[in-house]
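*Asks:* give me the fold of what follows.
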Amino acid sequence: MVTFNFSYAPGVTLEQMTGFEIAGRIWSTYLKDDTTINVHAGMTDDMPLHVIGGALPGIMADQRYETWRQKLDQDKLSADDHTATRNLNSERIQFTSLVDGAKVDNNEELKLTRANAKALGMLGKTDTKLDGYVLLSNLTNESVRWSYDYQRGSAAPANTLDFLSTALHELGHILGFISGVDESGWLTQKTQYDSDNIDDYYASLIGTLDNTAPLDLFRYSPDSVGDNWIDLSVGGNPFFSIDGGKTSLAQFATGRNTSLGGNGYQASHWKGVGSSSGIMDPTLSIGERASLNALDLRAFDVIGWNLVSGGINTNLNLAALNIQAKQSLAQRLGVAVSWLDANPVKAAQRIVQDRTQDTLALITLSEVYDKGKKKHIDPFGQILDVFAQEGLFEQWTDNASVQRGDRHQNEILGSGKTDMILGLAGSDHWWAMAAMI
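*Replies:* The predicted structure follows:
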């Protein structure tokens with residue numbers, strides 16, 4: 001099964017560590033690949049308004065599509081695996097995508113998360129480097145607070161957000177639920193072309209879609225299905241399909257750039273606006289306790305993870321996982337769980353560690369995060385600049401706004417006067433997070 005090896009930054013409480021440990025064990029309950037995933041987790045007081053968490057997955061860039069496809073073929077076990085591999089683009093060494101209705105072919109490379117690569121055998125399954133960095137909000141500047149009821153034995157307290165739900169969500173990004181649709185700059189370049197020369201722009205994309213991720217190879221639209229091509233456009237009506245677009249299993253979010261037609265939510269999510277699709281929805285409602293569902297697991301299955309035989313019907317004993325999480329933390333310190341419970345502050349202080357250099361190494365090895373980023377003398381500034389621009393974020397919303405749809409999208413990730421994520425890179429607001437790494 002998957003094993004999560006967590007490290008924690010200064011400022012993470014024992015209660016929060018327990019939540020991350022349980023979240024990792026929940027994923028391990030459903031995914032049976034014998035891999036070790038190394039994740040560094042931190043907390044901050046300085047997330048933008050309504051943003052409750054973010055993830056920065058370690059990336060393996062410029063991977064051969066042909067190699068990925070061979071590994072996927074070798075890894076197929078489930079009926080969905082067989083359907084998915086049988087219905088990929090007919091070319092085995094390259095893939096074709098629509099971008100704003102234009103055909104972009106001859107693409108021979110893609111990117112995938114380090115964790116996803118481990119599942120497929122494209123990276124050593126026990127490689128010790130960081131596979132991802134997760135940062136959650138302390139909600140200091142929000143009107144809500146975290147609920148740490150990990151056993152979910154009673155109703156959620158009023159005006160709370162479920163910590164476990166958010167931890168599960170961010171780990172999903174580390175495991176491979178990502179899209180290249182939002183990669184900085186690659187579609188905004190078309191604004192440099194006038195209408196008479198826009199075809200030149202799309203021609204320039206041919207053979208260059210190495211921002212594509214495995215999940216994108218199951219991203220279709222009504223415009224792309226006739227040719228069995230994927231669709232990497234911002235906006236439109238993208239959906240998840242494992243049979244070449246014939247069957248839509250769920251809708252994807254359409255992209256953070258509203259000026260290009262996106263709905264304001266990063267494409268590395270289910271659409272999840274107005275109704276819930278799964279743990280990888282872009283928002284979490286007050287009082288909501290999100291869980292992995294069959295749809296989530298189908299997505300991870302077809303990108304290279306192997307599911308346990310019971311799938312989503314596998315028994316999930318949260319009380320037992322809570323005990324296991326505490327036992328694991330106690331073992332780190334060589335103490336009993338009773339000591340841990342009696343000394344939570346002292347225990348957390350002994351567990352936390354500074355992994356600034358390891359996080360910088362994650363950024364450098366990923367390659368895609370350094371492109372076009374300004375360099376900082378202070379390593380904290382470099383990390384926070386990248387996280388602010390490239391992190392994958394979850395937002396909170398009240399129940400009413402879920403029914404209304406995208407109430408917060410423009411004020412958070414939209415194209416208004418200030419993009420609350422992209423516009424903060426390198427600002428004092430984000431520098432304040434340095435102490436949390």
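*Asks:* Three-state assignment for the nearest residue to residue 228 once chain neighbours are set aside, please.
*Replies:* Among residues not flanking residue 228 along the chain, residue 244 sits closest, at 4.6 Å (CB to CB, 6 or more residues apart in numbering). Any C-beta I mention is one placed from the backbone N, CA and C, and that applies to glycine too. Local secondary structure at residue 244 is given as coil here, using DSSP: H, G, I helix; E, B strand; the rest coil.
*Asks:* if I look at residue 244, how far off is residue 86?
*Replies:* 8 Å (CB to CB, to the nearest Å).
*Asks:* out of the two, which sits in the busier spot?
*Replies:* Neighbours were counted for residue 244 and for residue 86 using other CB atoms under 10 Å; residue 244 has more, 21 against 12.
*Asks:* residues in contact with the more buried one?
*Replies:* 87-88, 220, 225, 228 (CB atoms under 8 Å, 6 or more residues apart in numbering).
*Asks:* so which of those residues are in strands?
*Replies:* Among those, DSSP state E puts residue 220 in strands.
*Asks:* among the contacts of residue 244, which are in helices?
*Replies:* Among the contacts of residue 244, no residue falls in helices (DSSP state H).
*Asks:* among the contacts of residue 244, which two are most distant?
*Replies:* Across these, no pair lies farther apart than 88 and 225, at 13.6 Å, counting by CB to CB.
*Asks:* buried stuff in whichever strand or helix holds residue 201?
*Replies:* In the assignment (DSSP states H and E), residue 201 maps to helix 198-204. For helix 198-204, burial by neighbour count (16 or more other CB atoms under 10 Å) applies to 201-202.
*Asks:* picking up where we left off before, and the contacts of residue 244, which are buried?
*Replies:* 87-88, 220, 225, 228.
*Asks:* nearest to residue 398 among those residues?
*Replies:* residue 220 (32.4 Å).
*Asks:* ok, that closest one to residue 238 distance?
*Replies:* Taking CB to CB, one finds residue 220 at 7 Å from residue 238.
*Asks:* overlap in contacts of these two?
*Replies:* residue 231.
*Asks:* count of residues packed around the residue nearest to residue 132 when sequence neighbours are not counted?
*Replies:* Among residues not flanking residue 132 along the chain, residue 174 sits closest, at 3.5 Å (CB to CB, 6+ apart). Residues near residue 174, counting by other CB under 10 Å, number 27.
*Asks:* could I get the buried residue list for the host helix or strand of residue 348?
*Replies:* Per DSSP H and E: residue 348 is located in helix 344-351. Buried residues in helix 344-351, defined by neighbour count with 16+ other CB under 10 Å: 347-348, 351.
*Asks:* what do you get for stretch 128-142?
*Replies:* For stretch 128-142, by 16+ other CB under 10 Å, it's 130-139, 142.
*Asks:* now do stretch 165-185
*Replies:* 165-184.
*Asks:* with stretch 4-16 instead?
*Replies:* Applying 16+ other CB under 10 Å to stretch 4-16 flags 4, 6-9, 11-14, 16 as buried.
*Asks:* now, the most widely separated pair of the residues you listed?
*Replies:* Applying CB to CB across these, the maximum distance is between 4 and 11, 19.9 Å.
*Asks:* which of the helices and strands in the chain ranks last by mean pLDDT?
*Replies:* Within the chain, confidence by mean pLDDT, DSSP states H and E is lowest for helix 409-413 among all helices and strands, at a mean of 33.
*Asks:* low-confidence stretches in the stretch 101-250 of the chain?
*Replies:* Along the stretch 101-250 of the chain, the model assigns pLDDT under 70 to residues 184-196.
*Asks:* likewise for the stretch 251-400 of the chain?
*Replies:* 273-274, 371-376, 399-400.
*Asks:* at which residues are the helices of it located?
*Replies:* When assigned using DSSP state H, counting those that start in this stretch, the helices of the stretch 251-400 of the chain occupy the ranges 294-302, 318-333, 337-342, 344-351, 356-366, 379-390, 399-404.
*Asks:* need those helices in TSV (columns: distance to residue 81).
*Replies:* Below are those laid out as TSV (distance: least, CB to CB, whole Å):
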stretch	distance to residue 81
helix 294-302	6
helix 318-333	27
helix 337-342	40
helix 344-351	38
helix 356-366	27
helix 379-390	30
helix 399-404	33
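*Asks:* so which of those comes closest to residue 32?
*Replies:* The nearest among the helices of the stretch 251-400 of the chain, by CB to CB, is helix 294-302 at 10.9 Å.
*Asks:* residues of that closest one that come out buried?
*Replies:* Buried-residue list, helix 294-302, by 16+ other CB under 10 Å: 295-302.
*Asks:* need the contact list for the residue nearest to residue 132.
*Replies:* Counted by CB under 8 Å, 6+ apart, residue 174 has contacts 37, 39, 55, 57-58, 113, 115, 131-132, 134.
*Asks:* cool, and residue 247?
*Replies:* Here residue 247 is in contact with residue 241 (criterion: CB under 8 Å, 6+ apart).
*Asks:* with residue 206 instead?
*Replies:* Counted by CB under 8 Å, 6+ apart, residue 206 has contacts 104-107.
*Asks:* the stretch 151-300 of the chain: strands as residue ranges?
*Replies:* Ranges of strands in the stretch 151-300 of the chain, per DSSP state E, counting those that start in this stretch, are 160-162, 219-220, 230-231, 239-240, 250-251, 283-285.
*Asks:* which one of the ones you listed lies nearest to residue 201?
*Replies:* strand 230-231 (16.9 Å).
*Asks:* walk me through which strands the closest one pairs with, and which way each runs.
*Replies:* Partners of strand 230-231 in the sheet, by DSSP bridges, are strand 95-99 (parallel).
*Asks:* report the angle between the helix or strand following the partner strand and strand 95-99.
*Replies:* The C-terminal neighbour of strand 95-99 among helices and strands, as given by DSSP H and E, is strand 102-107. Relative orientation of strand 102-107 versus strand 95-99 (axes from the mean of the first three to the mean of the last three CA atoms, to 10 degrees): 160 degrees.
*Asks:* quick revisit: which elements pack onto the helix holding residue 201?
*Replies:* strand 102-107 (3 or more CB pairs under 8 Å, 6 or more residues apart in numbering; DSSP states H and E).
*Asks:* pull the strand it packs on out as PDB, backbone CA atoms only.
*Replies:* Only the C-alpha atoms of strand 102-107 are listed here, as PDB (Å, rounded to 0.1, in the frame of the first residue of the first chain):
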ATOM      1  CA  ALA A 102      -7.400  24.500 -33.200                       C
ATOM      2  CA  LYS A 103      -5.700  21.200 -33.700                       C
ATOM      3  CA  VAL A 104      -2.300  21.000 -31.900                       C
ATOM      4  CA  ASP A 105      -0.500  17.700 -32.700                       C
ATOM      5  CA  ASN A 106       2.900  16.100 -32.600                       C
ATOM      6  CA  ASN A 107       3.200  16.400 -28.800                       C
END
